[in-house]
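S.K.: pasted the sequence and its predicted model underneath.
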Amino acid sequence: MNKIRSVYFCLFISLTFLCFRAQGQATITDTVFTLDPARSFLVITGNLAGVTFAAQGTGALSNTFSGTLDVELVYSSTPTIQLFGGTNIIANVNGNWQPQLGGAAGTAPGNYGVVAHSVPVGLTIPGDVYATLRNAFFDLESVPLPITGDNFNCAGSYLALSEFDFDYIVYTNNQPYVHGEFTKYVIPGGQTYFPNFPNLTGSLTFDAGSGIQTLVVPINVELPYTLLQDEDSAVTFVGQIVATRNLYAVSGAPVINSIAVSGQNIVLTTINTSMQSKLLVSTDLINWSAVANATITSGNTGTIIFTVPVSGPKAFYRVQQ
């Protein structure tokens, strides 16, 4: 959805009187990016009650993700990107891990499988704890993050583990001693957003040939939780979420988002356009023709930029998708 605040401008440049209808302050686009599972992954490290956990098997501490990201892009002289809560980041199944759903002995499909030995679980003999994270849904949220070039600082972005099953079983002397399922309330406050590491740099790039806009959000978040005592355990998620959208497949009328004078050129920045779009010119708002000497380039936020030399009589411009 584009929320457009438009206004009319007239400029007198040398002997050229230019009139156009363009964006006054900013164009706001609420959109959805689709995760790329081949490039979206999170690796975990951490501890159970202070004891560092290990993988139950090969690949148990790393996983890929699918789903979507809800994003708001603000096109202005200082563009921003904002991630909205309610995004749908789904962990894929990466193997069969102990215990089964609910904590019964055996294995079942899961998202992450960990084991920690000699955990002080309040027993006469320390226990070996096997735990599996299942049915995990993550969420990303942020404040508006300024975009400079292709990049933005991730300070002000947050990760939540919004839904999950966390099943465990404790063995002593190689025999099952206790088992069960943690709930989301083992995380302080339930569904709580935890801050991303502040010095991470995300990116928003655009390939004008394919129309693909790519969003990369690096992740480095520590999530505390309770095993025996309040927040006695922690897991750190490190990796990245990569999501894309095809701007050339996005419906919506083309919009002249901004217009500026640069030297002897007029620069028009547009959205909902492609490298195949045309800039049209008219002197009477009735007869329109393509601007033959317009230079077309692409911006990092998915904008298409037309640059036209300042010359000729009064002119009106519009964009044809």
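M.R.: Looks like it arrived, so ask away. Residues are numbered from 1 along each chain as shown.

S.K.: can we go C-alpha only for contacts and neighbour counts from here?
M.R.: Fine.

S.K.: per-residue confidence for Gln100?
M.R.: What the model reports as pLDDT for Gln100 is 93.

S.K.: one more: Gly122?
M.R.: At Gly122, pLDDT is 65.

S.K.: where do the strands sit along the stretch 101-250 of the chain?
M.R.: Ranges of strands within the stretch 101-250 of the chain are 108-110, 112-119, 127-142, 145-146, 151-153, 157-172, 175-182, 194-195, 201-207, 212-225, 233-246, based on DSSP state E, counting those that start in this stretch.

S.K.: may I see these arranged in JSON lines, with distance to Phe306 and mean pLDDT as well?
M.R.: Output for those, formatted as JSON lines (distance: least, Cα to Cα, whole Å; pLDDT from 0 to 100):
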{"stretch": "strand 108-110", "distance to Phe306": "50", "mean pLDDT": "97"}
{"stretch": "strand 112-119", "distance to Phe306": "49", "mean pLDDT": "94"}
{"stretch": "strand 127-142", "distance to Phe306": "32", "mean pLDDT": "91"}
{"stretch": "strand 145-146", "distance to Phe306": "24", "mean pLDDT": "95"}
{"stretch": "strand 151-153", "distance to Phe306": "23", "mean pLDDT": "95"}
{"stretch": "strand 157-172", "distance to Phe306": "33", "mean pLDDT": "87"}
{"stretch": "strand 175-182", "distance to Phe306": "57", "mean pLDDT": "70"}
{"stretch": "strand 194-195", "distance to Phe306": "39", "mean pLDDT": "86"}
{"stretch": "strand 201-207", "distance to Phe306": "16", "mean pLDDT": "92"}
{"stretch": "strand 212-225", "distance to Phe306": "19", "mean pLDDT": "92"}
{"stretch": "strand 233-246", "distance to Phe306": "20", "mean pLDDT": "94"}
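
S.K.: can you lay out those strands as TSV showing distance to Thr29 and mean neighbour count?
M.R.: Below are these laid out as TSV (distance: least, Cα to Cα, whole Å; neighbours: other Cα atoms under 10 Å):
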stretch	distance to Thr29	mean neighbour count
strand 108-110	36	21
strand 112-119	36	22
strand 127-142	16	23
strand 145-146	15	18
strand 151-153	18	18
strand 157-172	19	21
strand 175-182	39	16
strand 194-195	25	20
strand 201-207	14	19
strand 212-225	14	21
strand 233-246	13	20
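
S.K.: distance of the spatially closest residue to Ser203 that is not a sequence neighbour relative to Glu231?
M.R.: Nearest residue to Ser203, sequence neighbours excluded (Cα to Cα, 6 or more residues apart in numbering): Asn151, at 4.3 Å. Asn151 sits 34 Å away from Glu231, taking Cα to Cα, to the nearest Å as the criterion.

S.K.: ditto for Pro313
M.R.: 71 Å.

S.K.: now swap in Val178 and tell me
M.R.: 21 Å.

S.K.: repeat for Gly156
M.R.: In terms of Cα to Cα, Gly156 sits 23 Å off from Glu231.

S.K.: could you tell me the end-to-end distance of stretch 246-266?
M.R.: Start-to-end, stretch 246-266 (Cα to Cα) is 28 Å.

S.K.: Tyr248 is in contact with Ala208, isn't it?
M.R.: No: applying Cα atoms under 8 Å as the test, Tyr248 and Ala208 come out as separate, 9.3 Å apart.

S.K.: so for these two, which residues contact both of them?
M.R.: Listed as contacting both Tyr248 and Ala208 by Cα atoms under 8 Å, 6 or more residues apart in numbering are Ser274.

S.K.: ok, now which ones touch Gly211?
M.R.: 246-248, 274, 302.

S.K.: so for it, what's the pLDDT?
M.R.: Gly211 is given a pLDDT of 81.

S.K.: and if you look at Asn92?
M.R.: 96.

S.K.: burial count for it?
M.R.: 20 (other Cα atoms under 10 Å).

S.K.: thought it was touching Gly67?
M.R.: No: if you go by Cα under 8 Å, Asn92 and Gly67 don't touch, sitting 10.0 Å apart.

S.K.: relative to Asn96, how far out is Val178?
M.R.: Val178 is 20 Å from Asn96, by Cα to Cα.

S.K.: cool, and Gly239?
M.R.: Counting by Cα to Cα - Gly239 and Asn96 are separated by 22 Å.

S.K.: swap in Ala49?
M.R.: 24 Å.

S.K.: what's the burial count for Asp230?
M.R.: Asp230 sits with 13 neighbouring residues when counted by other Cα under 10 Å.
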